[in-house]
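Colleague: sequence first, then the predicted structure, then my questions.
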Number of protein chains: 2
Amino acid sequence: MTTTTTPSILTLDALLTHWQGHRGLTRRVIEAFPEGQLFTFSVGGMRPFGELAWEVYGVTGYNLQGLTTDDWSWNPPEAAPPHDRAALLAAWDAQTPQLDAAVPGIDPAWFVVPQTMAWGTMAPLHSVLYGIDNEIHHRAQGYVYLRALGITPPAFYER
Amino acid sequence: MTTTTTPSILTLDALLTHWQGHRGLTRRVIEAFPEGQLFTFSVGGMRPFGELAWEVYGVTGYNLQGLTTDDWSWNPPEAAPPHDRAALLAAWDAQTPQLDAAVPGIDPAWFVVPQTMAWGTMAPLHSVLYGIDNEIHHRAQGYVYLRALGITPPAFYER
């Protein structure tokens, strides 16, 4: 993907606001599930929303690791994460100030240089954008689960 | 949203590639539905995927209008779009070269200045990013519908 031949139009501040806005909305979707459904209910044989949210947490952790250490190796936890909303929310909230600290310190030149990552060769910027896209994608699946449960999800446009 | 106080990290070229990549994936999701289900099947009382895709088309058209004329008024079509896949795909494909033509010509300074839009005060950049997010969101709902129909959706990571 070409990243240097036309003017740049997104700042690190705007990226951080965008990212945290999506994370806040996903947090509200986690909270909207009945406790007994978060890790059990699904549609079409897909994973329950709690498992999707833990995946999003893991991808955010991967990007945080890379952004702060330039180590882009993939080191998933050995044990599956707990089926426990409080643990999920606590882990989620612990990432919030880590992102606030990491993003403003990114070197813009380094950010757009492709390198070897867990999912192929891409720039850190595109790993972050991919992670946000993946979060929107899985969160939207949670919206369908909530509707199928008769629950009105949080407004998509509120960040 | 602050857009000018930290270095910029996304070029217009990269934005165009990102946007078209998502549009191509959404097109493949439209094609993955059985013809008889695209405008009828849904989960949880939500709209069928064909209607969601027409919404995405409309938002892309809104952004195209604004990017090329700086007219950000919302002018929805008077008639509901047809429940017809061929018409949807033809409309979709007609937007593709329009985006290719419009995005490289964006003035980066103008792109980040907030102005009055259909959904409040925001910069054109953020209207475009919101449109892409909305596309990912609704497309992911289509993924759930496909899974509920027993159909494997296109790979999320292929653009």
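Modeller: Arrived safely.
Colleague: test my guess that A:L88 contacts A:G50.
Modeller: Yes - A:L88 lies in contact with A:G50 (C-beta atoms under 8 Å); the separation is 6.4 Å. Where you see a C-beta, it was placed from the backbone N, CA and C, and this is true even at glycine.
Colleague: who's more crowded, those two?
Modeller: Neighbour tally, A:L88 and A:G50, criterion other C-beta atoms under 10 Å in any protein chain shown: the higher count belongs to A:G50, 24 against 21.
Colleague: before we move on, the earlier item: what touches both of A:L88 and A:G50?
Modeller: Taking C-beta atoms under 8 Å, 6 or more residues apart in numbering or on different chains as the contact rule, A:L88 and A:G50 both touch A:I30.
Colleague: which helices and strands sit right next to the helix ranked longest in chain A?
Modeller: If you go by DSSP state H, chain A has its longest helix at helix A:124-148. If you count contacts as 3 or more C-beta pairs under 8 Å, 6 or more residues apart in numbering or on different chains; DSSP states H and E, helix A:124-148 packs onto helix A:12-32, helix A:49-69, helix A:108-111, helix B:12-32, helix B:124-148.
Colleague: buried residues in stretch A:42-60?
Modeller: A:42-44, A:46, A:48-54, A:56-60 (16 or more other C-beta atoms under 10 Å in any protein chain shown).
Colleague: can that stretch be found next to chain B?
Modeller: Yes - using C-beta under 8 Å from any C-beta of the partner chain, stretch A:42-60 reaches chain B at A:V43, A:G44, A:G45, A:M46.
Colleague: so the third one sits in a strand?
Modeller: To tie it back to what came earlier, the one meant is A:G45. No - counting by DSSP: H, G, I helix; E, B strand; the rest coil, A:G45 is not part of a strand but coil.
Colleague: so who does the nearest residue to it once chain neighbours are set aside touch?
Modeller: In this structure, A:G45 finds its nearest non-sequential neighbour in B:R147, 6.3 Å apart by C-beta to C-beta, 6 or more residues apart in numbering or on different chains. By C-beta under 8 Å, 6+ apart, B:R147 lies in contact with A:V43, A:G44, A:G45, A:M46, B:P153.
Colleague: need the pLDDT of the residue lying closest to the second one once chain neighbours are set aside.
Modeller: Meaning A:G44. Leaving out its chain neighbours, the residue that sits closest to A:G44 by C-beta to C-beta, 6+ apart is B:R147, at 3.1 Å. In this model, B:R147 is scored at 97, pLDDT.
Colleague: where does pLDDT dip in chain A?
Modeller: The model of chain A has pLDDT under 70 over residues A:1-8.
Colleague: not counting sequence-adjacent ones, nearest residue to A:I151?
Modeller: Closest to A:I151 by C-beta to C-beta, 6+ apart is A:A32, at 6.1 Å.
Colleague: an error on my part: the question was meant for A:A118.
Modeller: Distances taken as C-beta to C-beta, 6+ apart place A:W74 nearest to A:A118, at 3.8 Å, with adjacent residues excluded.
Colleague: mind checking how far the residue nearest to A:G44 is from A:R85?
Modeller: As defined by C-beta to C-beta, to the nearest Å, B:R147 lies at a distance of 24 Å from A:R85.
Colleague: cool, A:L25 as well?
Modeller: From A:L25 across to A:R85, the span is 17 Å (C-beta to C-beta).
Colleague: ditto for A:T17
Modeller: Using C-beta to C-beta, we find A:T17 at a distance of 26 Å from A:R85.
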